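> sequence unavailable; structure follows:
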């Protein structure tokens, strides 16, 4: 019986994920944060800090691109919470409640629809980085694994955004809180600079933060270098994010609707 319920929930989730994809097709401006924003960040930080931190922009790009990829995926993950909150505010979930679908399907559908956004983010960032002079130093298999890891990271951590989206009352509040949480998480990491010169308290966090660990794992996969340690740490963080925020998001959803 439980297997049947899981199959039913998966089918309903995929159906609602397709609804999310259709919304993107009809409103492509929703992709601004995964197309325009990555370009601005990459260009700005490369040419502002590249010469000062690495001697030249080409050398800095090799370090920056994997980190900015993680940063942009994390920022893109907050959209699921904002859109779900918008649907609740507009009464869309009242219709879902009246339909014979699994209770978790709207949440799962919104998260799965975000895969399209993550793929666009990765493709745009790597294309622009290549034009700017970045070159993958490993092979196509390692690059695909790195892209898959980045997308998986977004899928895991977007459950935090879903939880906040179900908890707060307005989309504006969700976006504001997510920015407050994401900014120190991304800037308090090794995305832009190494952790060696940081104060001890900040370095202690930056060395074990999920953003730093995944950035190092992607650097190993894309540029060559150590992979096992950062990858293991990243997977632990991803599993923990799902284990903590998926139940919380489901609880907040049931309480809200």
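Sure thing, it's come through. Being a predicted model, the structure only gives us computed values, none of them experimental.
> use CA for all of it now, contacts and neighbours both
Noted.
> contact partners for residue 135?
Remark: with contacts taken as C-alpha atoms under 8 Å, 6 or more residues apart in numbering, residue 135 is in contact with residue 62.
> how close does it get to residue 155?
Spatial separation of residue 135 from residue 155 under the definition C-alpha to C-alpha, to the nearest Å is 26 Å.
> what of residue 147?
If you measure residue 147 against residue 155 using C-alpha to C-alpha, the figure is 13 Å.
> repeat that for residue 77.
Taking C-alpha to C-alpha as the measure, residue 77 and residue 155 are separated by 7 Å.
> equivalent analysis for residue 218, please.
17 Å.
> next one: residue 171
Here residue 171 is placed at a distance of 20 Å from residue 155 (C-alpha to C-alpha).
> of these two, who's got more company?
Counted by other C-alpha atoms under 10 Å, residue 171 and residue 155 do not tie: residue 155 has more neighbours, with 24 against 21.
> sticking with that one, tell me its helix or strand.
In this assignment (DSSP states H and E), residue 155 forms part of helix 140-167.
> residue 50 now?
Residue 50 belongs to helix 32-54 when elements are defined using DSSP H and E.
> coming back round to it: hey, what's in contact with both of residue 77 and residue 155?
Taking C-alpha under 8 Å, 6+ apart as the contact criterion, the common neighbours of residue 77 and residue 155 are residue 114.
> okay, now the unreliable bits of the protein?
With pLDDT under 70 as the threshold, the chain has low-confidence stretches at 1-24, 92-104, 257.
> coming back round to it: show me what the helix holding residue 50 is packed against.
Helix 32-54 makes packing contacts with helix 57-76, helix 105-132 when contacts are defined by 3 or more C-alpha pairs under 8 Å, 6 or more residues apart in numbering; DSSP states H and E.
> which residues touch the very next helix or strand once past the first one?
Scanning forward in sequence from helix 57-76 by DSSP H and E, the next helix or strand is helix 79-89. Helix 79-89 is contacted from outside by 93-94, 107, 110-111, 114, 158, 161-166, 168-172, 174-175, 257, using C-alpha under 8 Å, 6+ apart.
> ok, stretch 163-183 next?
Counting by C-alpha under 8 Å, 6+ apart, the neighbours of stretch 163-183 from elsewhere in the structure are 74-75, 78-86, 89, 161, 245-246, 248-250, 252-253, 256.
> if you set the cut-off to 6 Å instead, what comes out?
When contacts are defined by C-alpha atoms under 6 Å, 6 or more residues apart in numbering, stretch 163-183 is touched by residues 81, 82, 85, 86, 249, 252, 253.
> try stretch 146-153
Looking at stretch 146-153 with C-alpha under 6 Å, 6+ apart, the contacting residues turn out to be 118, 218.
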